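Engineer: Please find the sequence and the predicted model below.
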Amino acid sequence: MKKILMLLLTIPLLCLVFQTSFTSSALESNNATVTAWPMFRHDPRHTGYTGSTSPSTLQSVWNQTTNGLGAVTSSPAVAADMVFVGGEDSNVYAYDQNTGTLKWVRYAAKVHSSPAYSNGRVFVGSYDGKIYALNASTGLTVWNKQLANEIYTSPTVVDGRVFITSNNIDSQHNAWIYALNETNGATLWSWLITVQGGNFRTNTFSSPAVSGGRVFFGARLYYYGESSIIALNATSGGLLWDKAVNGSAEIWSSPGVDETQGTVYVGSDDGNVYGLDVTNGDTVRLLPVGGSVQSSPAIGSNMVVFGANDKQVYGYTNLGAKIWNYTTGGPVRSSPAIASGRVFVGSDDGYIYILNLANGNLLSKFNLGNKVESSPAVADGMVFVGCDSGKVHAFGGVPPTIPTRIQCSLTPNPADVGNSVTLLGNLTRTNDSMPISGAAIKLLLNNAPVGNLTTNSTGWFKAVGQVQSPGTYNLVCSFAGTAQYMPSNCTTTLTVKGPTDIYAKIFPNPTSSGATLTLKGILVNQFSVPVQSATLSLQYSANWGVTWTSLGNVTTNSYGIFSKTLTAPTLVGTYIYRMTYAGSPTLSPSTADALLTVR
């Protein structure tokens, strides 16, 4: 029996069904968690903002070198406890989020595109003009689709659709944007990118942002023509508006949408960040700086933050007021991330920086030794970023200092096959027993991952389910820890008893009073395998079970068979003969009755 256990998790507003076996592969979550960073700029709106905790200082946790043949300008995606990133060495890599252990590597031609994670798959574009959908656990190709001669941009995955722009699709230098079916790569719609009334021969280096049923991206006429910011209908691909920006400046920046203000922001090589009304493209904000803006804006906590090639990082309010700027040692083409009141951004000077979101003050910096064009991803209290040296880096802050404790139990235990079993646990701080809410609890059954739970506001987590097969199981509830809290585990052992059945008869039947009888039967488990050397108690009742008289015990032989010679009662009537098996550590009790008629 490969199926071992199935649990139906009962979490507010969420039901998950999962199963495992001794040969199960790594868990593939349906969705990335709220503290993950599943795609370029974190989310479909490309805000670059996360609710994850973040370190206030940069302490190296791990770094890994790709094969050394190219820079890592791709920006990491973090989900399902893994870090996915592309390399200009023509590979896509997956690393363990916490240790940096290489999980898999997949050849895909030169990769500047940043991967996107959704429903157990990783989507990434490549310089071979293909978009790849890879199994997130193994790196194996699920599907790929030829879209262009070159894909520079990053996919955005939302609502079962993959949006991506392509560049130089043919000798005419036409560029396209596609909406693809996430499951099989089928084209839902495509749009030949034109600017300003139908001119084509375009370039696009801008990754699409999706918000409110609209898709936003930038494009420019080939060889220094007009540039535009464009909005399409996300469902049909129909043009909604096309906004010209200043002159022939290229748009390398990708849009970010501030849904609270109804504004889409995008940088331009003309030295401005444009804030446009999402409904009609009218300019509602203009954020001028001292150099071209290839960095994509980060939007969060009522701030808009971006880098520029004048070596500055800028912080504006989302109403357009400049609050601060910070000077780095090189152009800032990396796109900032905002997390817990901090800004994380790389620079061509080789450093990654942490700045205070409110005032731009430097909190920490770390020298990576080469240009940092990759954009940081912040997830689960850690920071991940690539570097032109061909390395991928992971940073944390000060090591966690608060010890934690998980307590967990399974009831009933032992349990019978088919019974409901409840896992109940809580996560607290060790020193003062204060609950830890919103924490991810990983479940491992006999060392195989089987699911994840999240603690509620009082630190509790719960799972309810049915046991499918007998055996002894070790269930580990594991908390990986955060930047603040130390990890902890709880192990509980569940004994599952398999069902048994008794088949028996009395003969001769009917019989006469005082006659000699034989009671014979067999005891088997759920697979109809005989149960050997098992003791069964015998009793009979002359009044339909009101009172019982013991007839002693019998023991099954090597074939599971038991037999006993009896004497029929002297009074005429119907008698119940009951055989009872009390069970064992691995087998459930069972009872069977046989009727005897005495004439």
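Structural biologist: Great, that's in hand. Owing to the predicted nature of the structure, the values given are computational and were not obtained by experimental measurement.

Engineer: after the helix or strand bottoming out on mean pLDDT in the chain comes which helix or strand?
Structural biologist: Lowest on mean pLDDT, DSSP states H and E among the helices and strands of the chain sits strand 14-20, with a mean of 30. Beyond strand 14-20 in the direction of the C-terminus, DSSP states H and E gives the next helix or strand as strand 49-50.

Engineer: Which strands border the helix or strand where residue 554 lies, and is each parallel or antiparallel?
Structural biologist: Of the helices and strands defined by DSSP H and E, residue 554 is found in strand 549-555. In the sheet, strand 549-555 lines up against strand 535-541 (antiparallel) (DSSP bridges).

Engineer: from the chain's centre, how far out does the partner strand sit?
Structural biologist: 55 Å (C-alpha atoms, centre = their mean, to the nearest Å).

Engineer: Buried residues, the strand holding residue 554. List them.
Structural biologist: Along strand 549-555, the positions that meet the burial threshold by neighbour count (16 or more other C-beta atoms under 10 Å) are 551, 554. Every C-beta, even on glycine, is put in place using the N, C-alpha and C of the backbone.

Engineer: What's the mean pLDDT across it?
Structural biologist: Strand 549-555 carries an average pLDDT of 95.

Engineer: And stretch 395-405, by the same measure?
Structural biologist: Mean predicted lDDT for stretch 395-405 stands at 81.

Engineer: neighbouring contacts of it?
Structural biologist: Identification of contacts with stretch 395-405 by C-beta atoms under 8 Å, 6 or more residues apart in numbering yields 54-61, 352, 366, 381-385, 427-431, 436, 479, 481-488.

Engineer: Could you rerun that using 7 Å?
Structural biologist: Stretch 395-405 is touched from outside by 55-61, 366, 381-383, 427-431, 436, 479, 481-486, 488, with contacts defined as C-beta atoms under 7 Å, 6 or more residues apart in numbering.

Engineer: Now that we have the residues you listed, which of them are buried?
Structural biologist: Among those, the ones that count as buried by 16+ other C-beta under 10 Å are 55, 58, 61, 366, 381-383, 427-429, 436, 479, 481-486, 488.

Engineer: Filter those down to the ones in strands?
Structural biologist: In strands, judged by DSSP state E, the following of these are found: 61, 366, 382, 383, 427, 428, 429, 479, 488.

Engineer: With respect to residue 391, which of the residues you listed is nearest?
Structural biologist: Nearest to residue 391 among those is residue 366, at 12.2 Å by C-beta to C-beta.

Engineer: ok, and the closest non-adjacent residue to that closest one?
Structural biologist: residue 58 (4.1 Å; C-beta to C-beta, 6 or more residues apart in numbering).

Engineer: So that neighbour sits against residue 353, correct?
Structural biologist: No: between residue 58 and residue 353 no contact is recorded; they are 8.7 Å apart, counting by C-beta atoms under 7 Å.

Engineer: any shared contact partners between the two?
Structural biologist: By the contact definition C-beta under 7 Å, 6+ apart, residue 58 and residue 353 are jointly contacted by residue 365.

Engineer: where does the stretch 1-150 of the chain have low pLDDT?
Structural biologist: 1-34, 68 (pLDDT under 70).

Engineer: could you say what helices and strands the helix or strand hosting residue 422 packs with?
Structural biologist: Residue 422 is located in strand 420-429, with elements delineated by DSSP H and E. With contacts defined as 3 or more C-beta pairs under 7 Å, 6 or more residues apart in numbering; DSSP states H and E, strand 420-429 has these neighbours: strand 404-411, strand 460-467.

Engineer: Would you mind putting those strands into CSV with distance to residue 212 and mean neighbour count alongside?
Structural biologist: Supplementary listing: those in CSV, determined by distance: least, C-beta to C-beta, whole Å; neighbours: other C-beta atoms under 10 Å:
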stretch, distance to residue 212, mean neighbour count
strand 404-411, 40, 17
strand 460-467, 35, 19
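
Engineer: quick one: which of those strands has the weakest pLDDT on average?
Structural biologist: Averaging pLDDT over each of those singles out strand 460-467 as the lowest, with a mean of 87.

Engineer: angle of that one against strand 404-411?
Structural biologist: Our comparison of strand 460-467 with strand 404-411, counting by axes from the mean of the first three to the mean of the last three C-alpha atoms, to 10 degrees, yields an angle of 30 degrees.

Engineer: Dump strand 460-467 to CSV, restricted to CA.
Structural biologist: Output of strand 460-467 as CSV, limited to C-alpha atoms (Å, rounded to 0.1, in the frame of the first residue of the first chain):
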residue,chain,number,x,y,z
TRP,A,460,-2.3,27.4,17.6
PHE,A,461,-2.5,25.2,14.5
LYS,A,462,-4.8,22.3,13.8
ALA,A,463,-5.3,19.5,11.3
VAL,A,464,-8.1,16.9,11.2
GLY,A,465,-8.2,13.9,9.0
GLN,A,466,-8.7,10.2,8.5
VAL,A,467,-6.1,7.4,8.8
